[in-house]
Structures are given as C-alpha cells and as structure tokens.
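S.K.: quick one, structure for this:
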Amino acid sequence: MSEARATAKFVRSSAQKAGLVLDLIRGKSVTQARAALLFSRKGIARDVAKVLESAVANVQLREGFGGDVDRLFVSACYANQGPSQKRVRPAPMGRAYRVVKRTTHLTIQVAEKAAPRLSGAPAATTGRRKTAAAQ
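M.R.: Numbers count the residues shown, from 1 in each chain. The predicted structure is shown next:
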C-alpha cells in the first residue's frame, strides 16, 4: 500500500479559509476530490487542487505503486498557519490601523486502498464460538 504527501508553503490565504475547502475532500477518492475542487467557488480551491495533483504525482513515482489512480484516496489533509505579514493602513485623525496578511501551509496525503480480495478467500464467520458440548 503506497502513500505520499505534498505540501505548499506560504499560500496567501488564512488557514481557516483553507480548512473549509480541505474538509470537502478529506477521506474521498482522488476523482471525487478533483470534482469537488473543480466546482468549488472558493478561491483557495485552485491552490488545493495543485497540491492534490502533486501528491498524486508523488505516489505514482513510488516503488510498489499498483498503477491504478482510481484506487487512491485522500487519507489526510490539513492547513497549518504560516507567518503573517503585518502592514499599517492610514486611518482618520492621524491614526493607523494594522492589517494582517495571513499565510498558510497546505498539506495533502494520499494513500492507496487495499486491493480487493479474490473469490477464493475464506468466507467470514458469524463470530460464534463452538463450545465443547456442541462439538
């Protein structure tokens, strides 16, 4: 089972806004995540899609990857807060307001689902144990 991650640092958005988009794709297959990001109206969705494509490319380069992209899913994704740029904006009567321009670090991890079992696999038991008297 292969897995890989990709990270984009210093993306110009807040971690809270990025987290809203990442919640849409967490746990979904890669094809569902791509569709969700394509039709999302959030601006950060384009940056998240780039990181997702990078993670898929990273897992394809791994040794031991089965080669089927349809079996990949988003196993983990999160947005950490990056450094903030602090600026000053002039305000009335000689005052100044502080403007904080936030950044975020996006991380997406994709993994390959386990291969489906063959038909020759043993059937599942009901979970009951045979007692000594019943044998």
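S.K.: pLDDT weak spots in the protein?
M.R.: Within the chain, the ranges that satisfy pLDDT under 70 run 118-135.
S.K.: center of it - which residue?
M.R.: With distances taken as C-alpha atoms, centre = their mean, the chain has residue 77 as the residue nearest its mean C-alpha position (3.1 Å).
S.K.: packing partners of the helix or strand encompassing that one?
M.R.: Using DSSP states H and E, residue 77 sits within strand 72-81. Other elements packing on strand 72-81 under the criterion 3 or more C-beta pairs under 8 Å, 6 or more residues apart in numbering; DSSP states H and E are helix 15-25, helix 30-38, helix 45-61, strand 104-112. C-beta coordinates here come from the backbone N, C-alpha and C atoms, glycine included.
S.K.: kindly recompute the last result at 6 Å.
M.R.: Applying 3 or more C-beta pairs under 6 Å, 6 or more residues apart in numbering; DSSP states H and E, we find strand 72-81 packed against helix 15-25, strand 104-112.
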